[in-house]
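Peer 1: how would this look folded up:
(2 chains)
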Number of protein chains: 2
Amino acid sequence: MNEFEFIDSIKSKYLLNKVGDDCAVLPKNAENDLLVTADLLVEDIDFRLEWTTPEFLGHKALAVSLSDIAAMGGTPKWAMLSLGLPENLWKNSGFLNEFYLGWTTLANDLGVELIGGDVSRSTDKLVLDSIVGGEVAKGKAIFRSGAKPGDRIYVTGSLGGSAGGLNLLENGSRFDPTLTNGQCRLILKQLKPSPHRQTANWLRTLDNVSAMIDISDGISSDLLHVCLESRVGAKIYVDRLPIDQNLAAVFPSEACLDMALNGGEDFELLFTLTSQPTDAFPGTLIGEITPGPSEVLLVRDGKTEHLSPKGYRHF
Amino acid sequence: MNEFEFIDSIKSKYLLNKVGDDCAVLPKNAENDLLVTADLLVEDIDFRLEWTTPEFLGHKALAVSLSDIAAMGGTPKWAMLSLGLPENLWKNSGFLNEFYLGWTTLANDLGVELIGGDVSRSTDKLVLDSIVGGEVAKGKAIFRSGAKPGDRIYVTGSLGGSAGGLNLLENGSRFDPTLTNGQCRLILKQLKPSPHRQTANWLRTLDNVSAMIDISDGISSDLLHVCLESRVGAKIYVDRLPIDQNLAAVFPSEACLDMALNGGEDFELLFTLTSQPTDAFPGTLIGEITPGPSEVLLVRDGKTEHLSPKGYRHF
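Peer 2: The predicted model follows:
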């Protein structure tokens, strides 16, 4: 059982109909619904202190949850932060100051207010739980379950950069002046992901978005989530994938494609449109929704193959 | 710097006016405000797996947050649960099933819906972040800051039982048939705290509650929080304290008093009333609010002494 199967089992056992999308959606008032999401980051599983800076980590802890709010078509409003801190980080006041600087700089930029959280000691590892609340116009939240056959599939930005940055870090590179510009960008994509504020704002103005998810586990996993929830299939085209341009200078082309398909933490938005967009559009058309079964097909050099979900699994 | 001073410093540095009470209070709609709280529980800091059962732990993870909602005069509505799980607990499906059974039994009892959360692997320790959302009638949330000189100070239930249970566990007792009834009750107070639903409901009907807090760190700390936030003093009387009746059979009287004053996790409610209650009342009058300075005085055998906050500190 992996974590997705576990969440599905709990959802079905206890009849939880709000669990399983990027955010839970709750009625708020006559105009808006409330969105809530939580993201747990555990040291040495989800991040390594020797690879990042406290400021980047503060930024990322918030950015991953902002991405979930954006993936529902919502606007972030408030946040809570639960910190489990080993004693050495507690005593190092520089760490906490820089962490909150990174967190707060991003929060202020998006108008998000810190309203609470918790602080506990931990035995040895740093643990962060980021909780963000947001709003979406009543009944207008965009779920994973809304895709229909014939819908076009788009992604924002580029794919695989975060996995490329992770690979560089795993192989000993650090964010420092010895790196090329391209390598810096890959590592920043991993350590300091963008919240895509303008794209998210723009997507909120569209009335033809049928389904959306953020790419946190890799497109092969996340597009499959959309297919399973929407009970449809998907076909995507290798030559249309917006593979991060900084990858090619560092990795062979097959590795670049693997990172674009299976690399986690790009925190781009994957969404489906019921009709062609008219204006200049901050997304790349990568394929289309098919009647099913619920699987992702990959078209490459004219041949169609089944794409297995190979994104990151905790278990 | 302890965690309370840290939270104060972040609050003042970033001008966070919603941080620092039992819950954050946010506008919801014309009738109600939204309450949100988060409680992080870390293995071997906040609980020990060998002292509890998965079912008790699931219950407690939710109960601690329900207590925060009750302390604002609110009603719990929904919850999220972020779990950081070491691999051995993940593979032990019995653990997760029993944990969710404990959690869900309490949640169903109070009409709380699980709406989301997160699951991550952790390197070796179990980490739980419990997030609960609730409601309170618009403008009616009861803060720590509302106590006025002359107000009467009350507590629900009894004090020190949870600390007594913790002491028994620390000294090798376990929740099993070898214990006396009284010892069982002390250990249950520690491992499976009551959410005090009826008392919380009753308190919501009163219109003369000026301040409230839940006793999570010990009354010497928690009453001081009320004093500091309300800019008042407090005087409490040793002979009025509702010391847990099960303590006397196990501990010397001085230890019982210490547990009642400084023991954490009783999760009783401490509140102040602007006038005397008229009906039969599920609380004990223990003292009164004074003009200040912001300190707690303890009256014992006719003598008044300063009561230092000795409740649990993470740092």
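
Peer 1: list the contacts of the lowest-mean-pLDDT helix or strand in chain A.
Peer 2: The least trusted helix or strand in chain A, going by mean pLDDT, DSSP states H and E, turns out to be helix A:197-204, with a mean of 85. With contacts defined as CB atoms under 8 Å, 6 or more residues apart in numbering or on different chains, helix A:197-204 is touched by A:70, A:73-75, A:109-110, A:156-157, A:209, A:212, A:269, A:271, A:282-283. C-beta coordinates here come from the backbone N, C-alpha and C atoms, glycine included.

Peer 1: now the element after it, going C-ward?
Peer 2: strand A:209-214 (DSSP states H and E).

Peer 1: A:Ser216 is in contact with A:Asp222, correct?
Peer 2: Yes - assessed by CB atoms under 8 Å, A:Asp222 is found in contact with A:Ser216 at 6.9 Å.

Peer 1: coming back round to it: okay, the contacts of helix A:197-204 in a markdown table with pLDDT next?
Peer 2: Below are the contacts of helix A:197-204 laid out as a markdown table (pLDDT from 0 to 100):
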| residue | pLDDT |
| --- | --- |
| A:Ala70 | 96 |
| A:Gly73 | 95 |
| A:Gly74 | 96 |
| A:Thr75 | 96 |
| A:Asp109 | 95 |
| A:Leu110 | 95 |
| A:Thr156 | 95 |
| A:Gly157 | 94 |
| A:Val209 | 95 |
| A:Met212 | 97 |
| A:Leu269 | 96 |
| A:Phe271 | 96 |
| A:Pro282 | 79 |
| A:Gly283 | 90 |
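
Peer 1: gap between A:His59 and B:Lys189?
Peer 2: Using CB to CB, to the nearest Å, one gets 42 Å for the distance from A:His59 to B:Lys189.

Peer 1: if you could redo that for A:Gly74, that was the one I meant.
Peer 2: Per CB to CB, A:Gly74 is found 41 Å from B:Lys189.

Peer 1: if you count what's nearby, which of the two comes out ahead?
Peer 2: Higher neighbour count among A:Gly74 and B:Lys189: A:Gly74, with 29 against 26, using other CB atoms under 10 Å in any protein chain shown.

Peer 1: which residues in the stretch 51-200 of chain A form helices?
Peer 2: A:54-70, A:87-91, A:93-110, A:161-170, A:181-191, A:197-204 (DSSP state H, counting those that start in this stretch).

Peer 1: near chain B at all, the shortest one?
Peer 2: Yes - contact between helix A:87-91 and chain B, assessed by CB under 8 Å from any CB of the partner chain, occurs at A:Glu87, A:Trp90.

Peer 1: list the buried ones in that helix?
Peer 2: By neighbour count on 16 or more other CB atoms under 10 Å in any protein chain shown, the buried set for helix A:87-91 is A:Leu89, A:Trp90.

Peer 1: list of residues touching it?
Peer 2: With contact meaning CB under 8 Å, 6+ apart, helix A:87-91 is reached by A:Phe95, A:Leu96, A:Arg121, A:Leu126, B:Phe315.

Peer 1: over to the third one?
Peer 2: Around helix A:93-110, the neighbours that count as contacts under CB under 8 Å, 6+ apart are A:53-63, A:66, A:76, A:79, A:81, A:85, A:89-90, A:112-114, A:195, A:197, B:1, B:6, B:10, B:13-14.

Peer 1: which SS class is the residue of the stretch 151-300 of chain A found nearest chain B?
Peer 2: Of all residues in the stretch 151-300 of chain A, A:Ser216 sits closest to chain B, at 10.7 Å by CB to the nearest CB. Secondary structure assignment for A:Ser216 (DSSP: H, G, I helix; E, B strand; the rest coil): coil.

Peer 1: distance check, the closest residue to A:Pro27 other than its chain neighbours against chain B.
Peer 2: Spatial nearest neighbour of A:Pro27, chain neighbours left out: A:Asp33 (6.1 Å); criterion: CB to CB, 6 or more residues apart in numbering or on different chains. In this view, A:Asp33 and chain B are 11 Å apart by CB to the nearest CB, to the nearest Å.

Peer 1: tell me the secondary structure at A:Asp33.
Peer 2: On the basis of three-state DSSP, A:Asp33 is classed as strand.

Peer 1: related to what we said a few turns ago, more neighbours, A:Asp222 and A:Ser216?
Peer 2: More neighbours surround A:Asp222 than the other of A:Asp222 and A:Ser216, with 26 against 22 (other CB under 10 Å).

Peer 1: report the contact partners of that one.
Peer 2: A:Asp222 is in contact with A:Ile213, A:Asp214, A:Ile215, A:Ser216, A:Leu270, A:Gly311, counting by CB under 8 Å, 6+ apart.

Peer 1: ranking by neighbours, what's the top pick from these?
Peer 2: Neighbour max across the contacts of A:Asp222 (other CB under 10 Å) = A:Ile213, 28 neighbours.

Peer 1: isn't it up against A:Cys227?
Peer 2: No - if you go by CB under 8 Å, A:Ile213 and A:Cys227 don't touch, sitting 10.5 Å apart.

Peer 1: low-confidence ranges, the stretch 101-250 of chain A, go.
Peer 2: Of all residues in the stretch 101-250 of chain A, none has pLDDT under 70.

Peer 1: in PyMOL, select just the buried ones from the contacts of helix A:87-91.
Peer 2: To isolate the buried members of the contacts of helix A:87-91 in PyMOL, using 16+ other CB under 10 Å:
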select buried, chain A and resi 95+96+121+126
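
Peer 1: dump the contacts of helix A:87-91 into CSV; add distance to B:Pro149 as well.
Peer 2: Listed next are the contacts of helix A:87-91 as CSV, based on distance: CB to CB, whole Å:
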residue, distance to B:Pro149
A:Phe95, 42
A:Leu96, 37
A:Arg121, 36
A:Leu126, 43
B:Phe315, 33
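
Peer 1: out of the contacts of helix A:87-91, who's nearest A:Ile236?
Peer 2: A:Leu126 (36.8 Å; CB to CB).

Peer 1: isn't that closest one right up against A:Pro86?
Peer 2: Yes - under the criterion of CB under 8 Å, A:Leu126 is in contact with A:Pro86, at a separation of 6.3 Å.

Peer 1: tell me the pLDDT at the residue lying farthest from the centre of chain A?
Peer 2: Distance from the C-alpha centroid of chain A, by CA atoms, centre = their mean, peaks at A:Lys91 (32.0 Å). What the model reports as pLDDT for A:Lys91 is 89.

Peer 1: quick one: contacts for A:Lys77?
Peer 2: Each residue near A:Lys77 by CB under 8 Å, 6+ apart is listed here: A:Gly111, A:Val112, A:Glu113, A:Gly133, A:Gly134, A:Glu135.

Peer 1: neighbours of the nearest residue to A:Ser230 once chain neighbours are set aside, how many?
Peer 2: Distance criterion CB to CB, 6+ apart; nearest residue to A:Ser230, sequence neighbours excluded, is A:Ala147 at 3.9 Å. Using other CB under 10 Å, the number of residues around A:Ala147 comes to 29.

Peer 1: now whichever strand or helix holds A:Leu257: how far from the chain's centre is it?
Peer 2: For A:Leu257, the element it lies in under DSSP H and E is helix A:253-262. Chain-centre distance of helix A:253-262: 17 Å, with CA atoms, centre = their mean, to the nearest Å.

Peer 1: who's in contact with it?
Peer 2: Against helix A:253-262 from outside (CB under 8 Å, 6+ apart): A:159-161, A:163-164, A:167, A:218-221, A:238, A:241-244, A:247-248, A:251, A:298, A:307, A:310-311.

Peer 1: measure A:Trp51 to B:Ala137 for me?
Peer 2: 48 Å.

Peer 1: more neighbours: which of the two?
Peer 2: More crowded of A:Trp51 and B:Ala137, by other CB under 10 Å: A:Trp51, with 19 against 13.
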